[in-house]
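J.: with the input below, show me the fold.
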Amino acid sequence: MDEILEMLARYERILLLGCGTCVTVCLAGGEREVGILAGQLRIHARQEGKSAQVDEHTIERQCEKEWVEEIKDRVEGVDVVMSMACGVGVQLVAEMYPEKPVFPALNTTFMGYPAQHGIWFENCRGCGNCVLHLSGGVCPITRCAKSLLNGPCGGSQNGECEIDKEIECAWQVIYDRLKKTGRLEWMNNYQPPRDWSTAGSGGPRRSVKIEEVLD
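T.: Numbers count the residues shown, from 1 in each chain. Below is the predicted model of the structure:
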């Protein structure tokens, strides 16, 4: 909250923009969270003796131009946009309205799945060179603390990661999965040094959908 207040300190007219998909499911930036943060900002402004106009709005997706275009009038009527989307949404809004400062209300962390209510686990880094068919549907890049591709390290004990005992050793999970599906011999397949050119280390990536033309 201190970071958000610092970002907004010089502005009076604020658009607090929520997103109706991923961050809504994650209980981080949907309509409900927009309302909570808006209330906190108004209370803080009163306590500081300042005037603050907080406009609340949530669109379906901040990562698609069609939805972001619909808020043009709202953006024109404020001094700053505080986005409660992931980093992708923040950047698209900023790109489409370059004359307005656009700030992030969230820290985007990872792609994962909800293990239980309010708890998510990272499952994929989007590295662009998937090996899930070789590892029993368990990503060693993401779920192994050392991103090992050819079996566990020497520090794992009793199926636990040496980095954090509360985390399963990914290679123990891979072994168990391959055994259950009758593919344990796949553990003998050697994976060569990884080509990281498809990951994010080479700069921003682009994906192009190539449509097949059928005669």
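J.: all contacts plus neighbour counts: C-alpha atoms, from now on.
T.: Noted.
J.: how's this protein carved up into domains?
T.: 2-104, 124-187 (automatic domain parsing).
J.: so which of those comes closest to Phe110?
T.: domain 124-187 (7.3 Å; Cα to Cα).
J.: picking up where we left off before, is it possible to get a markdown table of the domains of the chain that adds distance to Ser207, mean pLDDT and mean neighbour count?
T.: Supplementary listing: the domains of the chain in a markdown table, determined by distance: least, Cα to Cα, whole Å; pLDDT from 0 to 100; neighbours: other Cα atoms under 10 Å:
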| stretch | distance to Ser207 | mean pLDDT | mean neighbour count |
| --- | --- | --- | --- |
| domain 2-104 | 15 | 95 | 17 |
| domain 124-187 | 10 | 92 | 16 |
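J.: let me have those in TSV, adding distance to Trp196 as columns.
T.: Converted to TSV, the domains of the chain look like this (distance: least, Cα to Cα, whole Å):
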stretch	distance to Trp196
domain 2-104	22
domain 124-187	8
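J.: then stretch 64-73 to PDB, C-alphas only?
T.: Extracted C-alpha coordinates of stretch 64-73, given in PDB (Å, rounded to 0.1, in the frame of the first residue of the first chain):
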ATOM      1  CA  GLU A  64      -6.700  -7.200 -25.400                       C
ATOM      2  CA  LYS A  65      -6.900  -3.900 -27.300                       C
ATOM      3  CA  GLU A  66     -10.600  -4.200 -28.000                       C
ATOM      4  CA  TRP A  67     -11.500  -4.100 -24.300                       C
ATOM      5  CA  VAL A  68      -8.900  -1.400 -23.500                       C
ATOM      6  CA  GLU A  69     -10.300   0.900 -26.300                       C
ATOM      7  CA  GLU A  70     -13.600   1.000 -24.600                       C
ATOM      8  CA  ILE A  71     -12.200   3.000 -21.600                       C
ATOM      9  CA  LYS A  72     -10.900   5.900 -23.700                       C
ATOM     10  CA  ASP A  73     -13.400   8.400 -22.200                       C
END
